Every structure is written in structure tokens, then in C-alpha cells.
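S.K.: When you get a sec, could you give me coordinates for this:
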Amino acid sequence: MHLSPAGHPEVKRNLGQRPGGHKGQQWCKTLVFSGADANHIIKHEYKRLVLVTLPPLKAFKRYLPILDWGRHYSRDTLTNDLVAAVIVTIMLIPQSLAYALLAGLPAEMGLYASILPLVAYAVFGTSRALAVGPVAVVSLMTAAAVGNLALQGTAEYAAAAIILAFLSGLILLIMGFFRLGFLANFLSHPVIAGFITASGIIIATSQLKHILGIPASGHNLLELLQSLIANLGQISIWTLLIGISSTAFLFWVRKGLKPLLLARGIKPRLADILAKAGPVGAVAVTTLVTWIFGLHKHGVAIVGEVPQGLPPLGLPSFDWEIWTGLFGSAVLISVIGFVESVSVAQTLAAKRRQRIVPDQELIGLGASNVAAAISGGYPVTGGFARSVVNYDAGAETPAAGAFTAVGILLAALALTPLLYFLPKATLAATIIVAVLSLVDFSILRTTWNYNRADFAAVAATILLTLGFGVEIGVSSGVGLSIFLFLYRTSRPHIAEVGLVPGTEHFRNINRHKVETRPEILTIRVDENLYFANARYLEDYLYDRVVADCDLKHVILMCSAVNAIDTSALESLEAIDARLRDMGISLHLSEVKGPVMDRLARTHFLHDLSGRVFLSQFDAVQQLSKPGSAANRPAHARVSATD
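M.R.: Residues are numbered from 1 along each chain as shown. Reported below is the predicted structural model:
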């Protein structure tokens with residue numbers, strides 16, 4: 001800074017080379033500012049220099065969505081999130097205990113899986129309403145996976161469940177960082193629906209042993225039924241009374257309590273909270289009854305001592321044999337949990353015209369499972385019922401999940417001694433009522449009427465899951481879905497089309513009254529051309545043209561073709577050569593821009609016996625003229641495309 005001739009301070013600014021630029025590049029020219037603006041310029045330039053050296057905020061926002069919604073967090077949003085957290089906490093406490101029981105784990109592990117995972121998702125997740133925690137299907141899959149390596153009730157069993165959560169978290173994180181969320185698309189909705197239906201039946205059946213107070217075991221429906229029937233003589237009357245009464249009460253609460261409260265003049269919000277607190281009421285009453293009358297001395301199985309305090313923090317044990325034995329199950333749990341979670345999150349987000357980012361959801365769920373593993377929990381994902389409750393209760397941001405975690409933490413610190421006399425039959429009733437809502441056989445009727453191949457996939461998934469267990473069932477369903485997809489795309493719909501009179505539209509000759517010309521054959525392929533269907537197209541064309549002596553031109557209408565791979569390109573070259581030998585020219589019409597770009601990088605267009613037309617109407621008009629230019633050099637015959 002120096003004084004100008006007029007006595008005013010001047011700022012001479014020469015920023016020279018731009019940060020990160022090459023030698024010799026000038027960020028800006030030397031400028032001279034004078035007068036009162038000098039200090040403002042100095043401050044502005046300093047701020048700008050600092051900002052350009054910081055990583056772009058978008059890079060953080062992608063992996064930390066909390067930086068996005070957190071900036072707009074208001075007092076009203078806080079109030080709504082707190083109310084939703086209270087309602088979900090009331091619902092989650094008995095559910096977390098029950099789902100741990102379903103997984104064959106100590107009750108406290110259900111609470112641990114409902115604390116840090118919720119905080120992790122609040123930081124990394126993109127759904128404003130998704131409620132993460134233990135769910136029925138993943139709990140069942142956990143029991144099936146860990147049960148192959150250790151006996152329930154042992155320290156090794158719990159350790160294996162923690163490892164399973166850690167593996168699942170790592171798999172989800174890797175998928176998220178490499179944006180592999182599309183892999184979950186190989187799980188079709190009918191297969192998922194069939195798997196969840198069959199899983200719901202297995203889960204409900206597996207809990208009958210707690211309702212009846214008898215021992216039973218099994219990994220599939222047949223084994224469970226055989227075990228239950230064999231032990232019917234050991235039924236505990238007191239356990240049966242508690243189980244049946246709890247189940248009936250919870251079914252009534254789900255459908256009848258809220259209308260009754262509203263009829264009594266209770267405000268809708270309070271009525272909703274009381275209705276959601278039904279499971280808590282069942283837990284409180286049956287625990288109190290068991291303690292007062294000493295029913296645990298008369299054969300009623302109780303939860304027993306639940307450790308009081310904070311979740312234990314630490315890394316899972318590393319045992320190569322256990323890790324490799326659980327890897328396949330971890331992949332299945334990760335994919336199933338992700339698909340279930342994303343479908344719920346997308347449904348709820350659409351209601352508020354919000355959006356989620358599936359690849360970031362992988363990171364959010366991965367972080368949640370890693371958090372579960374380091375805090376003594378087991379695999380978690382987004383739950384449908386809890387998420388709907390969270391949404392209906394008014395949750396506006398993922399912070400509602402973090403507040404729910406605080407509520408569960410307080411329960412773990414203060415309420416666990418009260419759970420000592422909690423009957424396992426009550427938890428079993430909670431599970432049965434929750435999972436029976438997942439059973440939906442209407443998918444069989446829907447797929448039978450709409451698509452028999454999807455019906456086969458659904459039916460096979462249900463039967464295999466019921467007969468052989470969840471892992472074989474879902475693996476077979478995925479395999480069958482992929483097989484049916486490959487089969488359908490390997491035999492694409494191919495239509496011979498003609499001109500609809502009075503229009504420029506071309507439609508299937510078997511469905512519409514159209515005009516055709518004997519010397520021109522137009523084929524429309526309604527599928528991408530790739531290695532699995534390339535030969536099918538060859539065979540179809542050869543069979544069609546071989547006996548047609550009047551044919552001079554074959555037009556391949558590509559309006560439905562989004563991609564042509566190398567194998568299909570070789571097939572097109574072979575078709576062109578074969579048709580040329582027969583005195584027939586091959587033409588293309590309505591080729592999409594990206595497909596045309598790829599073809600232009602090969603010699604195919606140069607060697608093509610016919611032409612490439614912008615539209616099918618142009619193709620027919622041009623080729624119908626006497627002496628059409630079909631046999632000019634190919635590079636001069638390529639029309640513009642989109």
C-alpha cells in the first residue's frame with residue numbers, strides 16, 4: 001500500500017499464479033484501487049484466498065448429508081423431531097428386545113443395536129423419515145447365519161452376530177463408495193415380496209414355542225412344525241394364557257384402540273401416541289403379573305437379568321474361520337436390508353416431494369451396521385413399520401433418529417432392572433403381531449394374472465424359503481430372477497411393422513391395419529442388442545427372408561434399441577453379409593444418438609449395404625422410389641440421427 005499523488009491510499013493487487021495453476025498462468029492482472037475501498041478490498045481478497053484453498057463443500061455434503069439439512073434446522077423442526085422420537089422410542093423398546101429374542105441373542109443386544117446405529121444414520125443417511133434398527137427379517141437371517149457356527153446362548157454366538165454386523169457394514173460401505181447400489185436391482189420386487197411373506201410365516205411359527213412354553217427348533221417351516229408337534233405335551237398353561245392374551249390385546253390395539261380413544265374425545269396426536277404404546281402396556285402388565293404371582297416359578301420363561309449401563313464399545317474379534325463362514329450371509333443380509341430400506345425410504349420421500357440418494361443410503365446403512373458392531377449390537381436396517389410411524393408422527397429430519405437413540409440409551413441406563421420378570425411370551429406376541437402384517441399372498445394372484453414368469457419366481461422363492469430356509473430361499477429367488485431376465489432378453493419381442501394409413505407411424509402388422517410394400521421388410525426389435533439375443537435376431541431374419549423372392553430391402557427399426565454390444569455388432573455384420581449375398585440391402589432407421597456414436601467408431605457403417613435413416617417414414621419413402629440410392633457408398637448414405 002502506498003499514497004497516490006492525491007494523498008489517498010492505494011492497494012496494488014497482483015495475485016500472480018492461480019493456486020493449482022500452471023507456471024505462467026495469471027489469475028488476474030495487476031489492479032490498482034484507491035480511496036476508501038482499500039481496506040474492503042484487502043479483507044475481500046484475504047477471504048477469497050482462504051476459501052479457494054478449502055475443499056469444496058459439496059464433497060463433504062455428498063458423504064455427510066447432515067451438513068445439508070442441518071443448516072436449515074429450526075425450533076419448529078426440533079419440536080416435530082422430538083415428538084416423533086418419543087413415539088418411536090415407545091414402539092422400539094419392546095421391539096428391540098423382541099427382535100433380539102428372535103435372533104437368539106440376549107435382550108440387551110437389541111437395545112444396543114438401537115442406539116449408536118441411529119446416530120450414525122442421522123449423520124450419513126439421506127432419508128428424512130427412515131427409522132433404522134433391528135427388524136424381523138434381518139433378525140431371522142442373523143439367527144440362520146450365526147446358528148450354523150455356534151450354539152444359541154453362548155458367548156461365541158453373540159460374538160459371531162457382532163462380526164456379522166461388522167461384515168455387513170463393510171460390504172455396504174464398499175458398495176456405497178464405489179456406487180454399486182444398482183446391484184440391488186437384481187433382486188426383483190416379486191422375489192422380495194415372496195421372500196418377506198415366507199419369512200413372516202417362518203418367524204411367526206418360530207415364536208409359537210414361546211407362546212406355548214415348549215422347546216422347539218428348526219431353520220425352516222417343516223422342521224419347526226415337526227418340533228412343535230413333537231413337544232405339544234409339554235405346554236405350559238400359564239405361559240399359554242400370557243401368550244394368547246398378549247397376542248389378542250396387541251391385535252386389538254393395532255386396529256381398535258385409536259378409534260376408541262378418538263370416540264372418547266381424545267385428541268388425535270395423543271390417541272396415536274397411546275395406540276403406539278400398546279406393546280409397552282402389554283410388557284408392563286405381564287411383567288407386573290409375573291412378578292406379583294411368581295409365575296416364573298410355574299414354568300413361565302422370563303427375560304431374566306438385563307445388564308444395566310452403556311453399550312460396550314470395542315472392535316469385533318478377528319477369527320478367519322468365522323469371518324469367511326459369515327461372508328456369504330453378510331452379503332445377503334446387506335442386499336436384502338438395503339433393498340427393504342431404500343424401498344421404504346423412497347416411498348416416504350415421495351410423499352413429501354423429497355429425494356434420497358441410494359448410493360449414500362448404502363453408506364448410511366453401512367455406518368449404522370459398523371456402529372452396531374462396535375457397540376455390541378447385531379445387523380440393522382430401516383424398518384417399514386417404524387419408519388411409517390416416524391413419518392406419521394411428524395419427523396422432519398434424521399435427527400429424530402438421534403433423539404430416539406437418546407431415549408433408548410436412557411432406557412438401557414434406567415429401565416433394564418424392570419425387565420427381569422418380562423415373559424418371553426409377551427415378546428413373542430409382539431413379534432407375531434408385527435410380522436403377520438408382512439405376509440401378503442396377493443402377490444401370487446397379481447403375478448399370475450400379469451406375468452407368469454414373475455409368478456414362477458415368487459412361488460419358487462416362497463416354497464424354497466419355507467422348505468429350506470431363508471438363505472437358500474432368497475439365493476434361489478435371486479438366481480431365478482436373473483435367469484428369467486436373461487431368458488426374456490435373449491428372446492426379445494420382434495415385430496414386423498407397417499405404415500398406419502394417413503400417418504407417419506409404424507405399428508405391428510398383427511395388431512393394426514397397416515400398409516406394407518412387398519419389396520420392403522421392416523423389423524422392430526424391442527430390446528437392446530447384446531450377446532444373449534444377437535443370434536436370436538439372426539435366426540429370425542434368416543427364417544423370414546429366405547422364402548420371400550420379392551424382397552429387396554430389410555430395414556431394422558432401432559427406436560427401442562439403447563445399446564449394441566460387440567457381439568451384436570458382429571451379428572449385424574454377419575446379417576448384412578448374408579443379405580448382400582441374397583441381393584438384399586440392410587438399412588437402419590431411428591438409431592439413437594449414443595448408439596450411432598459407437599457405430600461411427602467402427603467400419604460397420606462404411607461397409608453397410610444400405611443406408612441409415614433419421615426416421616422410418618423417410619426410409620420407406622426413399623426406398624419406395626424407383627432407382628433409390630440404396631447402393632451408393634455407405635459413408636455418403638448416413639443420415640443424421642438424434
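S.K.: CA only for contacts and neighbour counts going forward, please
M.R.: OK.
S.K.: list the buried ones in stretch 541-548?
M.R.: By neighbour count on 16 or more other CA atoms under 10 Å, the buried set for stretch 541-548 is L541, V545.
S.K.: And for stretch 154-168?
M.R.: For stretch 154-168, the neighbour count (16+ other CA under 10 Å) marks Y157, A158, A159, A160, A161, I162, I163, L164, A165, F166, L167, S168 as buried.
S.K.: Okay, the closest residue to G309 other than its chain neighbours and Q308: tell me how far apart.
M.R.: Excluding the flanking residues, the one nearest G309 by CA to CA, 6 or more residues apart in numbering is L413, at 4.7 Å. Note on L413: its distance to Q308, by CA to CA, to the nearest Å, is 5 Å.
S.K.: Now do the strands in the stretch 1-150 of the chain.
M.R.: 2-3, 9-13, 31-34, 132-133 (DSSP state E, counting those that start in this stretch).
S.K.: what mean pLDDT does the third one have?
M.R.: Strand 31-34 shows an average pLDDT of 46 in the prediction.
S.K.: Ok, the second one next?
M.R.: With pLDDT averaged residue by residue, strand 9-13 scores 42.
S.K.: Likewise for the last one?
M.R.: Averaged across strand 132-133, the pLDDT comes to 94.
S.K.: Show me what it is packed up against.
M.R.: When contacts are defined as 3 or more CA pairs under 8 Å, 6 or more residues apart in numbering; DSSP states H and E, strand 132-133 packs onto helix 116-124, strand 381-382.
S.K.: what does the shortest one contact?
M.R.: The set of residues that contact strand 381-382 without belonging to it, under CA atoms under 8 Å, 6 or more residues apart in numbering, is 130-135, 138, 337-338, 340-342, 344, 365, 368-369.
S.K.: If you rank those residues by neighbours, which is first?
M.R.: N369 (37 neighbours; other CA atoms under 10 Å).
S.K.: On the three-state scheme, that residue is what?
M.R.: helix (DSSP: H, G, I helix; E, B strand; the rest coil).
S.K.: got the contact list for the residue nearest to it when sequence neighbours are not counted?
M.R.: Once flanking residues are discounted, N369 sits nearest to G169: 4.6 Å by CA to CA, 6+ apart. Listed by CA under 8 Å, 6+ apart, the contact set of G169 reads S334, L365, G366, A367, S368, N369, V370.
S.K.: and which of these is nearest to K424?
M.R.: The shortest approach to K424 among those belongs to N369, at 26.2 Å (CA to CA).
S.K.: Now for that closest one: which residues touch it?
M.R.: Each residue near N369 by CA under 8 Å, 6+ apart is listed here: P117, A165, F166, S168, G169, Y378, P379, V380, T381.
S.K.: And for E573?
M.R.: F604, L608.
S.K.: quick one, what contacts the closest residue to L170 other than its chain neighbours?
M.R.: Among residues not flanking L170 along the chain, G366 sits closest, at 6.2 Å (CA to CA, 6+ apart). For G366, the contacting residues are S168, G169, L170, I171, L172, L173, by CA under 8 Å, 6+ apart.
S.K.: now swap in S368 and tell me
M.R.: S368 touches L116, P117, L118, V119, A120, Y121, G169, V380, T381, counting by CA under 8 Å, 6+ apart.
S.K.: which residue sits closest to the fourth one, ignoring its sequence neighbours?
M.R.: For V119, the nearest residue in space outside its immediate sequence neighbours is A402; the separation is 4.7 Å by CA to CA, 6+ apart.
S.K.: Let me see the ranges of the helices in the stretch 101-250 of the chain.
M.R.: When assigned using DSSP state H, counting those that start in this stretch, the helices of the stretch 101-250 of the chain occupy the ranges 107-112, 116-124, 136-146, 155-177, 189-206, 208-212, 221-230, 237-252.
S.K.: In JSON lines: the ones you listed, plus distance to G502 and mean pLDDT.
M.R.: JSON lines is the format used below for the helices of the stretch 101-250 of the chain (distance: least, CA to CA, whole Å; pLDDT from 0 to 100):
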{"stretch": "helix 107-112", "distance to G502": "69", "mean pLDDT": "94"}
{"stretch": "helix 116-124", "distance to G502": "57", "mean pLDDT": "96"}
{"stretch": "helix 136-146", "distance to G502": "58", "mean pLDDT": "93"}
{"stretch": "helix 155-177", "distance to G502": "52", "mean pLDDT": "95"}
{"stretch": "helix 189-206", "distance to G502": "42", "mean pLDDT": "90"}
{"stretch": "helix 208-212", "distance to G502": "69", "mean pLDDT": "95"}
{"stretch": "helix 221-230", "distance to G502": "62", "mean pLDDT": "94"}
{"stretch": "helix 237-252", "distance to G502": "63", "mean pLDDT": "95"}
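S.K.: Quick one: closest of these to A460.
M.R.: Comparison of those against A460 by CA to CA identifies helix 189-206 as nearest, at 8.4 Å.
S.K.: residues making contact with the closest one?
M.R.: The contact list for helix 189-206 (CA under 8 Å, 6+ apart) reads 102, 136-137, 140, 216-218, 220-221, 224-225, 336, 431-432, 435-436, 438-441, 443, 447, 454-455, 457-459, 461-463, 465-466, 470, 473-474, 477-478, 481.
S.K.: Can you select the buried ones among the residues you listed for me in PyMOL?
M.R.: This is how PyMOL selects the buried members of these, with burial counted by 16+ other CA under 10 Å:
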select buried, resi 102+136+137+140+216+218+220+221+224+225+336+431+432+435+438+439+443+447+454+455+457+458+459+461+462+463+465+466+470+473+474+477+478+481
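S.K.: mind listing which of the contacts of helix 189-206 are in strands?
M.R.: The strands, defined by DSSP state E, take in nothing from the contacts of helix 189-206.
S.K.: In helices, which of the contacts of helix 189-206 appear?
M.R.: Using DSSP state H, the members of the contacts of helix 189-206 that fall in helices are 102, 136-137, 140, 221, 224-225, 336, 431-432, 435-436, 443, 447, 454-455, 457-459, 461-463, 465-466, 470, 473-474, 477-478, 481.
S.K.: three-state assignment of the spatially most central residue of the chain?
M.R.: Of all residues in the chain, the one closest to the mean position by CA atoms, centre = their mean is V339, 2.8 Å from it. Put simply, V339 is helix when judged by three-state DSSP.
S.K.: For it, list the residues it contacts.
M.R.: With CA under 8 Å, 6+ apart, V339 has these contacts: A184, L187.
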